[in-house]
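> coords please:
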Amino acid sequence: VQLQASGGGLVQAGGSLRLSCAASGSIFGFNVMGWYRQAPGKQRELVATISSGESTNYADSVKGRFTISRGTAKNTVYLQMNSLKPDDTAAYSCNLQIIDAVGRSFWGQGTMVTVSS
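Predicted coordinates for the structure are as follows:
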């Protein structure tokens, strides 16, 4: 499985961006897709996840501002980011976890989000 992320860029504080991540091929079984971010000099942190059953989970820092969703084909995940803050500046990466007896995790390349004050 390969993940292709897009949608990053430069935006002013208070603005919006939408990130997309598409997984190659079909994904079978229970799985979780999510977005993580890593700011310069900081550890990678979870932003939001969504399961194949559409259950969502958000970091406290983005609740009420970010929305994660899946595409109709279920192999695409989106992150709508509103009311962006300079603290949201980071490289955002998408992840796919296939929850089965093997347990596999796949990462896409990062897409940079820069929020200017």
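
> so is the spatially most central residue of the chain in a helix, a strand, or just coil?
Against the mean C-alpha coordinate of the chain, by CA atoms, centre = their mean, the closest residue is residue 35 at 2.3 Å. Of the three states, residue 35 takes strand under DSSP: H, G, I helix; E, B strand; the rest coil.

> Against residue 60, how distant is the closest residue in space to it that isn't next to it in sequence?
Using CB to CB, 6 or more residues apart in numbering and skipping residues adjacent in sequence, the residue nearest residue 35 is residue 47, 4.3 Å away. Where you see a C-beta, it was placed from the backbone N, CA and C, and this is true even at glycine. Taking CB to CB, to the nearest Å as the criterion, residue 47 is separated from residue 60 by 11 Å.

> who has more neighbours, these two?
The residue with more neighbours, out of residue 47 and residue 60 and counting by other CB atoms under 10 Å, is residue 47; that gives 24 against 6.

> Which helix or which strand is home to that one?
Secondary structure assigned from DSSP states H and E places residue 47 in strand 45-51.

> could you give me the average pLDDT of that strand?
For strand 45-51, the per-residue pLDDT values average out at 97.

> for stretch 85-105, same thing?
Confidence over stretch 85-105, taken as the mean pLDDT, stands at 94.

> end-to-end on that stretch?
Distance between the boundary residues of stretch 85-105 (CA to CA, to the nearest Å) amounts to 29 Å.

> which phi and psi does the residue of the chain most remote from its centre have?
Among the C-alpha atoms of the chain, the one farthest from their average position, using CA atoms, centre = their mean, is that of residue 101, at 24.5 Å. Dihedral pair for residue 101: phi -60, psi -30, per degrees, to the nearest 10.

> Alright, I will stop here.
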